[in-house]
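> A structural model of the following input is requested.
(2 chains)
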Protein chains: 2
Amino acid sequence: MAAHFTVLKKDPAGARLGRLLTAHGAVETPAFMPVGTQGTVKAVLPRDLQEMGCQILLGNTYHLYLRPGAELIRELGGLHRFMNWDGPILTDSGGYQVFSLGAMRKLSEEGVRFQSHLDGSYHLLTPENVMQIQAALGSDIAMVLDECIPHDADREYVRDSTNRTIRWAERCLRTRDGADQLVFGIIQGGMYADLRERCVREMSSMPFDGFAVGGLGVGEGEELLHSIAASTVGLLPEDRPRYLMGVGRPEDILNAVRRGFDLFDCVLPTRNARNGTLFTSEGKLSIKRAEFVNDSRPLDPACGCYCCRNFSRAYLRHLYMAGEILSSVLNSLHNLYFYHRLMERCREAIRQERVDFWTQGSATLLTQLD
Amino acid sequence: MAAHFTVLKKDPAGARLGRLLTAHGAVETPAFMPVGTQGTVKAVLPRDLQEMGCQILLGNTYHLYLRPGAELIRELGGLHRFMNWDGPILTDSGGYQVFSLGAMRKLSEEGVRFQSHLDGSYHLLTPENVMQIQAALGSDIAMVLDECIPHDADREYVRDSTNRTIRWAERCLRTRDGADQLVFGIIQGGMYADLRERCVREMSSMPFDGFAVGGLGVGEGEELLHSIAASTVGLLPEDRPRYLMGVGRPEDILNAVRRGFDLFDCVLPTRNARNGTLFTSEGKLSIKRAEFVNDSRPLDPACGCYCCRNFSRAYLRHLYMAGEILSSVLNSLHNLYFYHRLMERCREAIRQERVDFWTQGSATLLTQLD
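Residues are numbered from 1 along each chain as shown, chains lettered A, B, ... in the order given. Got it, this is the predicted structure:
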């Protein structure tokens, strides 16, 4: 077992209950990380994150590097102090955002050159400076720079890209801070089982503190997502945390927890919240629908969040229709509460060896195990 | 003394410490009412309003009548339950908003016909239905329908308008609910001392539960504002609460408290917050200014609000520049906290007969009386 990660229990289906130790405290896994892109989980106060049982946040290196700048954040005492979050923070490498820029970035062995979406200025991310930036931010877990491959990339491209991602990972490790920051490698390999397998083999031979699986949840479809996640997870070292990057529908998370993944992040709960799409124990619900105009019930009668304890669907619909800021605030509180409760239920299911939990579907997620 | 209002103390300058009883509890005066236009104080949770010592909110009849509709709110248990605010609520009559519509409204003896700013539909507000709408909303204090006269209106217009406002006030009283709702009359009269005086005389002879002074703070200038407020307040009945409508700069509030006003409302703290203008014990501050980019100090070192206890100016500037929702949330929390503390200090100054407080200016407002 690695010193920073302990698998406390593994259920017959393969799901793991674990504890991940970081410089800012422990994370009980499986856990969901709300995304705090620009140094804030959109519309949610740190106080409220803490209150809902949030254990760890994700920060976006790309955004913070461009604005307000990593050195500035270091000067101000690091990202934790900057955003007033005392718990663990994982930062991504910025790779995903840069590769999303399309024509505005150019790849080479050295790294990836890109133009800022803010002001068009030119920048270069390399495996080395990505580690330096994350050290400046002072996150608890840093991610290596990887190339996020489109799911429909051809075999030759994926092979070359995956090899480069492996070389970049080695360069990242050579640059690592050495201090308190954990570093996770990222498995790529596109949709090709043998390339993924080779990537896992190479990555696992390096002294990473954890492993992420990247390039999924970006249009490959549910079936392929689940089959690749399932086949990859079995190849990853048992004694280190496994993070399925960016995969975030409740049903996908549930499926991946069952297979043995430990960490998750996604903008889905917060982005959906701002668009009026809310997760409930009875499925998704669009709060703008006319049927809610005079609906005095809480959003989700089975939910205990501040929003559900205090407001009606009619009120939430009104706030949304009126374009009120409080709409984003309350909806985000609710959706994140839902996600944290989901993860809590997953941990409880593993603890109690309730393997039936994994096959019940999301309909009964919130009412089970009470 | 009226049963619902007690002047507990009056200081040598004329400032009053009072207690106003409403169906939803008592309000210690002088008090500031945050504006909750569309059933929400913009960007602030009711929980946080309570925590900062907010005693009473203002709701806008015009906005709520148009969306989601007063009957709908009645069906849902009234405005208090709708927005989850258990304390007192005062509703305005909608008059101010309708008169702000300019060409989109038409005045007659019956009332004022207008087009909705939302969908262009036609509506009529009369003294009678304005009371009925406020009864449906279930506010603790209802305001009569009045005409808000431009500060540069000529004498003849002001005279006719003020007479109509008086006739409308009588019609409002005849329609009053009779139940728990207090009703306040509104003094108009433009910039003409004799017309204001006549208006006060007529209004005071009617059994209103309180009196508001309207038509100030809308461009007449500081000097005229203060002189009219001062001359009007002396004519108002001692035993009923006095509300200076829409006047909201800290220095103007301070001046009016000193003259004997008890209630205030203004969008200034919340609107300024969203625009990045923040009130501090050392004056106003625009958080977007470049000088704050790496300023690790709290917004106002003398302030004890959640925002000042937990975040730096650098962080607040970053949130503002990045267009983050949390910028509006934190700035609104701070500005409203400032206003509530200001009122608390006013009450304390009256209690302690610290008449020097009124002449110190706002610079030392927050550090005094500690």
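
> What segments of the stretch 151-300 of chain A are strands?
A:182-187, A:210-213, A:242-244, A:263-265, A:277-280, A:283-286 (DSSP state E, counting those that start in this stretch).

> To B:M52, which of the ones you listed lies closest?
strand A:277-280 (28.1 Å; CB to CB). Placement of C-beta: from N, CA and C, glycine included.

> If I look at A:A363, what pLDDT would I see?
Per-residue pLDDT puts A:A363 at 50.

> Please identify the residues of the stretch 51-200 of chain A in proximity to chain B?
For the stretch 51-200 of chain A, the residues in contact with chain B (CB under 8 Å from any CB of the partner chain) are A:67-68, A:72, A:75-77, A:82-84.

> Buried ones among these?
A:68, A:72, A:76, A:82-84 (16 or more other CB atoms under 10 Å in any protein chain shown).

> circling back to that earlier point, just checking, which of the residues of the stretch 51-200 of chain A next to chain B belong to helices?
Using DSSP state H, the subset of those located in helices is A:72, A:75, A:82-83.

> Relative to A:R242, which of the residues you listed is nearest.
A:M83 (26.4 Å).

> Chain neighbours aside, what residue packs nearest to that closest one?
A:G39 (4.7 Å; CB to CB, 6 or more residues apart in numbering or on different chains).

> burial count for that neighbour?
Other residues within reach of A:G39, judged by other CB atoms under 10 Å in any protein chain shown, total 25.

> same thing with A:R309?
Number of residues near A:R309 (other CB under 10 Å) recorded here: 10.

> Contact partners for it?
A:P298 (CB atoms under 8 Å, 6 or more residues apart in numbering or on different chains).

> Please report phi then psi for A:C308.
phi -70, psi -30 (degrees, to the nearest 10).

> pretty sure it is touching A:Y315, no?
No - judged on CB atoms under 8 Å, A:C308 makes no contact with A:Y315 at a distance of 11.5 Å.

> Which one of the two is surrounded by more residues?
More crowded of A:C308 and A:Y315, by other CB under 10 Å: A:Y315, with 29 against 24.

> give the contact list for A:D177.
Here A:D177 is in contact with A:131, A:135, A:142 (CB under 8 Å, 6+ apart).

> Buried by neighbour count, from these: which ones?
By neighbour count, with 16+ other CB under 10 Å, these hold A:131, A:135, A:142 as buried.

> what about the last one, is that helix, strand or coil?
When the structure is reduced to helix, strand and coil (DSSP: H, G, I helix; E, B strand; the rest coil), A:A142 reads as strand.

> Would you mind confirming that it makes contact with A:A135?
Yes - the pair A:A142 and A:A135 qualifies as a contact (CB under 8 Å) at a distance of 7.3 Å.

> mind checking pLDDT for the spatially most central residue of chain A?
Centroid check for chain A by CA atoms, centre = their mean gives A:D265 as the closest residue, at 1.5 Å. Note for A:D265: predicted pLDDT of 98.

> I'd guessed it sits against A:P30; true?
No - between A:D265 and A:P30 there is no contact under CB under 8 Å: 12.0 Å.

> about what we covered before: pLDDT and distance to A:C346 added to the contacts of A:D177, as a markdown table?
Shown next, in a markdown table, are the contacts of A:D177 (pLDDT from 0 to 100; distance: CB to CB, whole Å):
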| residue | pLDDT | distance to A:C346 |
| --- | --- | --- |
| A:M131 | 97 | 32 |
| A:A135 | 96 | 32 |
| A:A142 | 98 | 26 |
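
> Tabulate those residues in JSON lines, adding columns for distance to A:P150.
JSON lines is the format used below for the contacts of A:D177 (distance: CB to CB, whole Å):
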{"residue": "A:M131", "distance to A:P150": "25"}
{"residue": "A:A135", "distance to A:P150": "30"}
{"residue": "A:A142", "distance to A:P150": "25"}
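
> Which member of the residues you listed is positioned nearest chain B?
Using CB to the nearest CB, A:A135 comes nearest to chain B of those, at 19.0 Å.

> In what element of secondary structure is the closest one found?
helix A:127-137 (DSSP states H and E).

> Pull up the overlap in contacts between A:D265 and A:P30.
Common neighbours of A:D265 and A:P30 are not found (criterion: CB under 8 Å, 6+ apart).

> Now do the buried residues in stretch A:113-122.
Buried, per 16+ other CB under 10 Å, within stretch A:113-122: A:113-115.

> One more: stretch A:168-176?
Of the residues in stretch A:168-176, A:168-169, A:171-173, A:175-176 count as buried by neighbour count, 16+ other CB under 10 Å.

> could you dump the residues you listed to CSV with distance to A:L278?
Putting those into CSV (distance: CB to CB, whole Å) gives the following:
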residue, distance to A:L278
A:W168, 39
A:A169, 39
A:R171, 43
A:C172, 38
A:L173, 42
A:T175, 42
A:R176, 40
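
> any idea which of those is closest to chain B?
Nearest member of the buried residues of stretch A:168-176 to chain B, counting by CB to the nearest CB, is A:T175, at 26.1 Å.

> which non-adjacent residue is nearest A:N60?
A:N60 sits nearest to A:T37 (CB to CB, 6+ apart), 4.6 Å away.

> okay, that neighbour: pLDDT?
Confidence at A:T37, expressed as pLDDT, is 95.

> tell me the contacts of it?
Counted by CB under 8 Å, 6+ apart, A:T37 has contacts A:59-60, A:63, A:267.

> Give me the contacts around stretch A:17-26.
A:3-11, A:27-31, A:55-56, A:80, A:86-89, A:140-141, A:180-182, A:210, A:241, A:262-263, A:347, A:350-351.

> Show me which of the residues you listed are buried.
A:4-7, A:11, A:27-31, A:55-56, A:80, A:87-89, A:140-141, A:181-182, A:210, A:241, A:262-263, A:347, A:350.

> Tell me which of the residues you listed fall in helices.
If you go by DSSP H, the buried ones among the contacts of stretch A:17-26 have A:80, A:347, A:350 in helices.

> So the second one sits against A:E28, correct?
Yes - with contact defined as CB under 8 Å, A:R347 and A:E28 form a contacting pair (6.1 Å).

> and A:R47, how many neighbours?
Applying other CB under 10 Å, we find 12 residues neighbouring A:R47.

> doesn't B:Y306 make contact with it?
Yes - counting by CB under 8 Å, B:Y306 is a contact partner of A:R47 at 7.1 Å.

> now the spatially closest residue to A:Q181 that is not a sequence neighbour, which residues is it bridged with?
Nearest non-adjacent residue to A:Q181, counting by CB to CB, 6+ apart: A:A142, 5.3 Å away. Judged by DSSP bridges, the bridge partners of A:A142 are A:T91, A:V183.

> ok, so what distance separates A:A142 from A:V213?
To A:V213, A:A142 is 17 Å away according to CB to CB, to the nearest Å.

> what about A:A290, neighbour count?
7.

> Where does the prediction get shaky in the stretch 251-370 of chain A?
Low-confidence segments of the stretch 251-370 of chain A (pLDDT under 70): A:361-370.

> Okay, buried residues for stretch A:195-206 please.
Those would be A:195-200, A:202-204, for stretch A:195-206 by 16+ other CB under 10 Å.

> Could I get the residues you listed in TSV, plus columns for distance to B:L278?
Output for those, formatted as TSV (distance: CB to CB, whole Å):
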residue	distance to B:L278
A:L195	54
A:R196	52
A:E197	56
A:R198	56
A:C199	50
A:V200	52
A:E202	53
A:M203	48
A:S204	52
